[in-house]
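**Q** quick one: sequence plus predicted model below, questions after.
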Amino acid sequence: MSNLLDYLAWRGDLSLERDPFNSVDALLLSTLSYVDFEGIVPPEGKGRITIGEASEKFFSMHSEEELAADKSFINFAPSLLRGLAGSDRFKGAYLQNYINDTDISREIQFSAVEIDISDGTAFVSFRGTDDTIIGWKEDFNLSYTTVPAETESAKYLKAVMKGRDNKVRIGGHSKGGHLAIYAAAEADEKLISRIENIYNFDGPGFNGDEMESPRFRAIQPKIIKLIPECSIVGRLLNNSTEPIIVKSSETGILQHNPLTWQLEGKAFETCDFTDRISDLFDETMTKWLDEMNFEERKIFVDELFSVFEASGCENLSMMTKVGMKGTKAMIERMRQIRNDSGAKVRTLVKMFFVNVNELRGIAAREMIEENTRLLTAAASKIKSVKPKDS
């Protein structure tokens, strides 16, 4: 089995002229937007820099110790940048039109970069969700509203492609894949005709009525979607494209990391079915969302993430190690939820901890089992308490 870094080491000497662009290349460029290119890649209309030059500048600005200390979900991105910069296939590709807009008060995380590669095409890479609480909440917000990042993605694509006639590919991992589809759907007919493919790597879908619109139907044949066996984010909401299911070296939610996706040569190693955790999440969320209107969905999402935020954790990775103080705070927050979304919130919180429980070693498992026991006990108590009359 091999992964993205192995692909670059083994096949990076093959130019795009000798071996044309493929879906593995698309995943590499989609995840490149996870790199913090602030002060490295010029913003819109301000010039460009090769991947090789960008890598050299990035690693001159960030020490190995600093990068090793990063425990976030996207800490793999610098390694991919180094691999791309060391490959004949991509080191001369140009990066330009970088944007990075993150604002907690607006609940927005939006970043994108354009990559011009040697086959004459442009690849627009939309950055996906990291594992911060705000990032994951924005994914769930998609169930009831147009989020700021969607609007920004459409504006960005139109702006950077204006006045040009070259072919373009669009892609992203996680939320970035969703944004790639949204931006393409908002494009005019001339731009759509220039789009070769739209890549969605384990990104959320859309509400059903959106996918029935003429604009979505126009781009549907261009969409390529891949998800891992235990996909969670990629099965949120509805999808018009039958996904390709990829094998992963990890289990559970850790499969969202594209560095765990397995390859056979220049293709992904695939399988026929998603696993039981992914299916359970999909069935549960689909049923609930079908039963709720947009206002009820908003309340549900706000309540769910208020529980996660009560833990004191900044990201979901930290929540796999949440201690007793954080657990008690989550329990207390759940006690306060007495509307119709309360039972759903408790169920999803429990599902999260059970999922994590399957991923960790003996010591962590014992801690998580205790957290799950406390949460389950609290849920039972909450269920037995009737709301006070207002």
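**A** All right, it came through fine. Predicted model, so just to flag it, every value in this text is computed and none were measured.

**Q** which residues touch residue 201?
**A** For residue 201, the contact set (CB atoms under 8 Å, 6 or more residues apart in numbering) comprises 26-27, 30-31, 128, 171-174, 176-177, 225-227, 234, 258. (Each C-beta comes from the backbone N, C-alpha and C, glycine too.)

**Q** just the ones in strands from those, please.
**A** When the contacts of residue 201 are checked against strands (DSSP state E), the matches are 171, 172, 173, 225, 226, 227.

**Q** show me where the stretch 151-300 of the chain has strands.
**A** When secondary structure is read from DSSP state E, counting those that start in this stretch, the stretch 151-300 of the chain shows strands at 168-173, 195-201, 223-228, 244-246, 263-264, 267-268, 270-271.

**Q** tell me which of those strands is the most buried.
**A** Highest mean neighbour count among the strands of the stretch 151-300 of the chain (mean count of other CB atoms under 10 Å): strand 168-173, with a mean of 29.

**Q** and the contacts of that one?
**A** With contact meaning CB under 8 Å, 6+ apart, strand 168-173 is reached by 21, 26-27, 29-31, 33-34, 121-128, 157, 161, 177-180, 183-184, 191, 194-203, 258.

**Q** recalculate using a threshold of 7 Å.
**A** 26-27, 29-31, 121-128, 161, 177, 179-180, 183-184, 194-199, 201-203, 258 (CB atoms under 7 Å, 6 or more residues apart in numbering).

**Q** pull the contacting residues for the nearest residue to residue 28 once chain neighbours are set aside.
**A** Nearest residue to residue 28, sequence neighbours excluded (CB to CB, 6 or more residues apart in numbering): residue 4, at 6.0 Å. Under the criterion of CB under 7 Å, 6+ apart, the contact partners of residue 4 comprise 27, 28, 80, 258, 259.

**Q** what is the neighbour count of the nearest residue to residue 88 once chain neighbours are set aside?
**A** Nearest in space to residue 88, with sequence neighbours left out and distances taken as CB to CB, 6+ apart, is residue 13 at 5.0 Å. With neighbours defined by other CB atoms under 10 Å, the count for residue 13 comes to 13.

**Q** likewise for residue 18?
**A** The burial metric for residue 18, expressed as a neighbour count using other CB under 10 Å, is 9.

**Q** need the phi and psi values for it.
**A** Dihedral angles phi and psi of residue 18 (degrees, to the nearest 10) take the values phi -80, psi -40.

**Q** that one and residue 119, how far apart?
**A** As defined by CB to CB, to the nearest Å, residue 18 lies at a distance of 11 Å from residue 119.

**Q** can you check residue 56 too?
**A** 24 Å.

**Q** again, but for residue 221
**A** From residue 221 across to residue 119, the span is 21 Å (CB to CB).

**Q** repeat that for residue 167.
**A** Look at residue 167 and residue 119: by CB to CB, they are 9 Å apart.

**Q** and of the contacts of residue 201, the nearest to residue 288?
**A** residue 234 (17.7 Å; CB to CB).

**Q** count of neighbours near that closest one?
**A** A count of neighbours around residue 234, defined by other CB under 10 Å, yields 29.

**Q** so it makes contact with residue 226?
**A** No. With contacts counted by CB atoms under 7 Å, residue 234 stays clear of residue 226, the gap being 8.3 Å.

**Q** overlap of the contact sets of these two?
**A** By the contact definition CB under 7 Å, 6+ apart, residue 234 and residue 226 are jointly contacted by 202, 243.

**Q** can you list the weak-confidence ranges in the stretch 1-150 of the chain?
**A** Screening the stretch 1-150 of the chain residue by residue with the criterion pLDDT under 70, one finds the ranges 104, 106-107.

**Q** now with 90, please.
**A** For the stretch 1-150 of the chain, residues meeting the criterion pLDDT under 90 lie at 1, 69-74, 101-109, 129-141, 146-148.

**Q** can you give me the helices for it?
**A** Ranges of helices in the stretch 1-150 of the chain, per DSSP state H, counting those that start in this stretch, are 4-11, 23-32, 51-61, 64-68, 77-85, 133-141, 148-161.

**Q** just these: most buried one?
**A** Across the helices of the stretch 1-150 of the chain, averaging neighbours per residue (mean count of other CB under 10 Å) puts helix 23-32 on top, at a mean of 25.

**Q** quick one: contacts of it?
**A** With contact meaning CB under 7 Å, 6+ apart, helix 23-32 is reached by 4, 7, 77, 80-81, 84, 113, 115, 123, 125, 169, 171-173, 176, 199, 201, 224, 226, 258, 263, 266, 268.

**Q** do that again at 6 Å, thanks
**A** Here helix 23-32 makes contact (CB atoms under 6 Å, 6 or more residues apart in numbering) with 4, 7, 80, 115, 123, 125, 171-173, 199, 201, 258, 266.

**Q** quick check, residue 142 in contact with residue 204.
**A** Yes. Contact status for residue 142 versus residue 204: in contact at 5.4 Å, counting by CB atoms under 6 Å.
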